[in-house]
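[1] Output the structure for:
(2 chains)
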Amino acid sequence: AQSVTQPDIHITVSEGASLELRCNYSYGATPYLFWYVQSPGQGLQLLLKYFSGDTLVQGIKGFEAEFKRSQSSFNLRKPSVHWSDAAEYFCAVGSPAAGNKLTFGGGTRVLVKP
Amino acid sequence: GAVVSQHPSWVICKSGTSVKIECRSLDFQATTMFWYRQFPKQSLMLMATSNEGSKATYEQGVEKDKFLINHASLTLSTLTVTSAHPEDSSFYICSARPAASYNEQFFGPGTRLTVL
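    Here you go, the predicted structure:
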């Protein structure tokens, strides 16, 4: 069964500083990997996705993520955070073998200090 | 493109009543829709997968008689919470998978259900 771990429940970062959110997955083959952002009381917005090919993926809002097969990781990064980046971030994994159902990590709440 | 709507966005009901939540794909056809539940400050848990024209597939531990799912068309799926109780209070989110894209899901804005 596929699983996703986001080790950090909360992260506080100063505005303008860099941000890295960790995501580790467990799956036998190469999964489909996603990062979503959720503002309070809202649905999920897709930041970026990885299916195959270049392991460094660019997304919206200045985010990028790198797929590292050897570490089973798909960490999300942003070089300089804005106050509007304060939100909950979810990593998710899907696979054709599981009918492309998504399994979500527990989420990381990002707080941005002025 | 790829917009998914949910209605209502929030609902308050009395214990014992039934509540229907609609999920619509506005600009694409969705052969598959998914229903998730999210408790406060927690992640999304998949409840069920619905395919147009067939019965929904429920995840382990989800009561199919409690959470009725109907996917009557390629653009509409409904979730009915029957005989709702306070413990059913939650944030319900749907997603839709386009017929042309097996890998991606597009999420609705969610519905906040409060059962008094």
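
[2] Low-confidence regions, chain A specifically.
    By pLDDT under 70, the low-scoring segments of chain A are A:28.

[3] for chain B, what are the nearby residues on it?
    A:32, A:36, A:41-46, A:49, A:51, A:90, A:94, A:96, A:99-107, A:109 (C-beta under 8 Å from any C-beta of the partner chain). Where you see a C-beta, it was placed from the backbone N, CA and C, and this is true even at glycine.

[4] Inside helices: which ones of these?
    If you go by DSSP state H, the residues of chain A next to chain B have nothing in helices.

[5] Make a ChimeraX selection of the buried ones in these.
    The ChimeraX command for the buried members of these (criterion: 16 or more other C-beta atoms under 10 Å in any protein chain shown) is given here:
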select /A:32,36,42,43,44,45,46,49,90,94,100,101,102,103,104,105,106,107
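
[6] and B:R24, that's in a helix?
    No. B:R24 is assigned strand when assessed by DSSP: H, G, I helix; E, B strand; the rest coil, not a helix.

[7] in which helix or strand would I find the closest residue to it other than its chain neighbours?
    Using C-beta to C-beta, 6 or more residues apart in numbering or on different chains and skipping the chain neighbours, the partner closest in space to B:R24 is B:S5 (4.9 Å). Using DSSP states H and E, B:S5 falls within strand B:4-7.

[8] Relative to the whole chain's centre, how far out is that strand?
    9 Å (C-alpha atoms, centre = their mean, to the nearest Å).

[9] moving C-terminal of it, what's the next helix or strand?
    Past strand B:4-7, the next helix or strand by DSSP H and E is strand B:10-13.

[10] wait, does that following strand contact chain A?
    No. Strand B:10-13 lies out of reach of chain A by C-beta under 8 Å from any C-beta, never closer than 8.7 Å.

[11] Packing partners of that strand?
    Secondary-structure packing of strand B:10-13 (3 or more C-beta pairs under 8 Å, 6 or more residues apart in numbering or on different chains; DSSP states H and E): strand B:19-25, strand B:111-115.

[12] tell me the angle the shortest one makes with strand B:19-25.
    Same thing as strand B:111-115. Strand B:111-115 and strand B:19-25 are oriented at 180 degrees to each other (axes from the mean of the first three to the mean of the last three C-alpha atoms, to 10 degrees).
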